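Student: Structure for the following, please:
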Amino acid sequence: MPCIKTIDSIKIYIYARDHSPPHFHVLVAEHEELIIISNLSTYSGSIPTRHRKKVIEWASKNPDFLLREWNKLNVRL
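Tutor: As a prediction, the model looks like this:
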């Protein structure tokens, strides 16, 4: 599970062979949130609001990158 981005102390991961819908994991301290790539809504979990704002700002500017990384790590045969 490569860390694809670090924003301050916030780590963003995409796991290989993960479940749909395409999403990324955000970890900060003891918090974790899964965010759907297509609409940036929460799939599960939560992180503090101030951290979530930074993640959503970055993700909204990089949807192609996120989807490309998802597709690389989650090849469906």
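Student: Could you point out the helix or strand that follows the longest helix anywhere in the chain?
Tutor: In the chain, ranked by residue count with DSSP state H as the criterion, the top helix is helix 49-61. Counting by DSSP states H and E, the element after helix 49-61 in chain order, helix or strand, is helix 63-73.
Student: Report all helices and strands that that following helix contacts.
Tutor: In this structure, helix 63-73 packs against strand 3-7, strand 23-28, with contacts taken as 3 or more CB pairs under 8 Å, 6 or more residues apart in numbering; DSSP states H and E. C-betas here are computed from N, CA, C, even on glycine.
Student: check contacts around the residue nearest to S44 when sequence neighbours are not counted.
Tutor: The spatial neighbour of S44 that comes closest, neighbours along the chain excluded (CB to CB, 6 or more residues apart in numbering), is L34 at 5.0 Å. With CB atoms under 8 Å, 6 or more residues apart in numbering as the criterion, the residues that contact L34 are H23, F24, H25, V26, T42, Y43, S44, G45.
Student: leaving aside the residues next to it on the chain, what's closest to the residue sitting nearest the centre point of the chain?
Tutor: When the chain is reduced to its mean C-alpha position, the closest residue under CA atoms, centre = their mean turns out to be F24, at 2.4 Å. Of all residues not flanking F24 in the chain, I14 sits nearest, at 5.1 Å (CB to CB, 6+ apart).
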